[in-house]
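Colleague: Dropping the sequence and predicted coords here.
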Amino acid sequence: MHFHLMYEKKFDRGPKTIGVRGELDLHAAPMLEDRIVRLIDEGTLHVEVDLRETTFMDSAGVRALLSARQRLHKRGGSLGLVCDDPHILKVIELTGLDELVPVRTVWADGPFPLAQAA
């Protein structure tokens, strides 16, 4: 069980980005969810989670991301993901998370526009 929030970065007029390294599982998912809740409580409306250094994600990780998306959406905000790992992308697709949360596979120098999913 290795998990680490790598960094947080805020772009001008863009989402707050949280980088995640390691396993996003039953042990780690609550820590990510708690951090996103704190960001929301601090007034952040748009969050991007960078999963490029995430090595494993199970249903607890998916649940944490869905919960974050729901909290942000209720406040008029949005959640986006950056992920290039084919195994984690498969989990995202199989669970339908990609239908609710925009996902990009490459990092850009700056935020991407987060679509408002229904």
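Modeller: Here it is on my side, so go on. Numbering: from 1, shown residues only.
Colleague: Count the residues that sit near Leu45.
Modeller: Leu45 has 15 neighbouring residues, counting by other CB atoms under 10 Å. Placement of C-beta: from N, CA and C, glycine included.
Colleague: And for Leu51?
Modeller: 23.
Colleague: Pull up the gap between it and Val101, please.
Modeller: Distance, Leu51 to Val101, by CB to CB, to the nearest Å: 11 Å.
Colleague: and for those two, which residues touch both?
Modeller: Leu81 (CB atoms under 8 Å, 6 or more residues apart in numbering).
Colleague: Tell me what Leu81 is bridged to.
Modeller: Val49, Val103 (DSSP bridges).
Colleague: my guess is it contacts Arg52, does it?
Modeller: No: counting by CB atoms under 8 Å, Leu81 sits too far from Arg52 to count as a contact (9.9 Å).
Colleague: Wasn't His73 part of a helix?
Modeller: Yes: according to DSSP: H, G, I helix; E, B strand; the rest coil, His73 belongs to a helix.
Colleague: quick one: which helix or strand includes Val20?
Modeller: strand 16-24 (DSSP states H and E).
Colleague: quick one, phi/psi of the closest residue to Val62 other than its chain neighbours?
Modeller: Once flanking residues are discounted, Val62 sits nearest to Thr95: 4.9 Å by CB to CB, 6 or more residues apart in numbering. Torsion angles at Thr95 (phi, psi; degrees, to the nearest 10) stand at phi -90, psi -10.
Colleague: Please read off the pLDDT at Thr95 from the model.
Modeller: At Thr95, the model reports a pLDDT of 96.
Colleague: do the same with Pro15
Modeller: Pro15 is given a pLDDT of 79.
Colleague: mind checking how far the residue nearest in space to the middle of the chain is from Gly76?
Modeller: Centroid-nearest residue in the chain, with CA atoms, centre = their mean: Val49, separated by 3.1 Å. Per CB to CB, Val49 is found 19 Å from Gly76.
Colleague: returning to that earlier point: from the chain's centre, how far out does the very next helix or strand once past the strand holding Val20 sit?
Modeller: Remark: after strand 16-24, the chain's next helix or strand is helix 29-41, criterion DSSP H and E. In terms of CA atoms, centre = their mean, to the nearest Å, the centre of helix 29-41 is set 10 Å apart from its chain centre.
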